[in-house]
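Q: okay, structure incoming, though there's no sequence with it:
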């Protein structure tokens, strides 16, 4: 998927880079494959602290983050990303713990997440959510 061009004279499409943040390696790997199949460049982080470090040196177009992680959870991560880079699109994902997951996903919208997805979700749902977020910002 392409979102813009490098400059007005160079019409080479620029690939959107996505940062995937999840403590579960299996989930990260599945998301990576889904995103690559959609034409995205993908970088991965195991937790929010690692994600924030990567964001200091890279210009990602989208962050997809789990909520429940060690070291720095997704809620803190979303809040910090939004404070530093309010224009950055964020999709919050969670399988939840009991009934807490859905409530936490709702809270993330107020903290800066552009969209939320409840795990498990399928490839088409992810693709449609990304398309909506990148084109409308919502």
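A: Happy to help now that I have it. Computed from a predicted model, the values in this text were never measured in an experiment. Residues are numbered from 1 along each chain as shown.
Q: centroid residue for this protein?
A: residue 64 (1.6 Å; CA atoms, centre = their mean).
Q: which non-adjacent residue is nearest it?
A: residue 91 (4.6 Å; CB to CB, 6 or more residues apart in numbering). Every residue, glycine included, has its C-beta placed from N, CA and C.
Q: name all residues that make contact with the one you found.
A: 62, 63, 64, 65, 113, 114, 115, 116, 117, 129, 130, 133 (CB atoms under 8 Å, 6 or more residues apart in numbering).
Q: relative to residue 53, which of those is nearest.
A: residue 63 (13.0 Å; CB to CB).
Q: didn't that closest one look like it was pressed against residue 88?
A: Yes: if you go by CB atoms under 8 Å, residue 63 and residue 88 touch, sitting 6.3 Å apart.
Q: between these two, which has more neighbouring residues?
A: Neighbours were counted for residue 63 and for residue 88 using other CB atoms under 10 Å; residue 63 has more, 27 against 17.
Q: would you mind measuring from residue 78 to residue 34?
A: Separation of residue 78 from residue 34 (CB to CB, to the nearest Å): 21 Å.
Q: quick one: which of these two has more around it?
A: More neighbours surround residue 78 than the other of residue 78 and residue 34, with 26 against 20 (other CB under 10 Å).
Q: alright, I will stop here.
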